[in-house]
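Undergrad: mind folding the following:
(one chain, ligands or ions: 2)
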Amino acid sequence: MFIDVKQLFEVEGQVIPFTHDLDMSAIELWGTAPFDRPIHLSGRLYNRAGIVSIVYEAQMDYNLMCGRCLERQRRAETYRFEHVLVRQLNEEDNGDFIVVSGNQLDLDDLATSDILLELPSVVYCREDCKGLCPVCGTNLNEKDCGCDLKQPDPRLQILSEFFKES
Ligand SMILES: [Zn+2]
Ligand SMILES: [Zn+2]
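TA: Numbering: from 1, shown residues only. Ligands and ions are numbered 1, 2, ... in the order given. Below you'll find the predicted structure:
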């Protein structure tokens, strides 16, 4: 969704409320496409004393694949974002400004990058997920397969032989 911000930049006190369903279904993360349901955005843009800001919430109900046990599950989360919008960056500007070129704010683009920056690079079904047995592949959260987990990893074995020789 594009929001026309011309008036907003020109008129102090101007407020533009918005709600929008963001489609992020094409994005792949954690070995899956997590955003199979639209992400609900709601917030407002406002000009307070000449400073233009956006503040909004992203409510999402997504699916994830655990990085340890590969189990899929759903999770609901609400994130809140806030930015100052500028039409161009001045030399002395530093900090987190969003530059709006032209008079259109590309809300989809902004929200997609906000959300992707907020999400962790790996997710787990739970903090203490035990993962899969490296020997037989059993999900160790469900049962104890009884495999001898002290069996050396073949890669480590090669290394230890290497060190023995040298
Ligand atoms: Zn897990
Ligand atoms: Zn096992």
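Undergrad: what's the burial count for the nearest residue to Val86 once chain neighbours are set aside?
TA: The spatial neighbour of Val86 that comes closest, neighbours along the chain excluded (CB to CB, 6 or more residues apart in numbering), is Phe97 at 4.8 Å. For the C-beta atoms, the positions are set from N, CA and C on the backbone; glycine is no exception. Residue crowding around Phe97 was assessed by other CB atoms under 10 Å; the count is 14.
Undergrad: I'd assumed Arg87 was in contact with Phe97.
TA: No: counting by CB atoms under 8 Å, Arg87 is not a contact partner of Phe97; they are 10.0 Å apart.
Undergrad: picking that back up, which residues touch the residue nearest to Val86?
TA: Each residue near Phe97 by CB atoms under 8 Å, 6 or more residues apart in numbering is listed here: 83-86, 89.
Undergrad: which ones, among those residues, also lie beside ligand 2?
TA: Under the cut-off given by CB under 5 Å from the ion, ligand 2 has nothing from the contacts of Phe97 close to it.
Undergrad: select only the buried ones of the residues you listed in ChimeraX?
TA: What follows is the ChimeraX syntax selecting those of the contacts of Phe97 that are buried according to 16 or more other CB atoms under 10 Å:
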select :83,85
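Undergrad: go through the contacts of Phe97 and say which is closest to Asp128.
TA: Ranking the contacts of Phe97 by separation from Asp128, with CB to CB as the measure, puts His83 on top at 35.8 Å.
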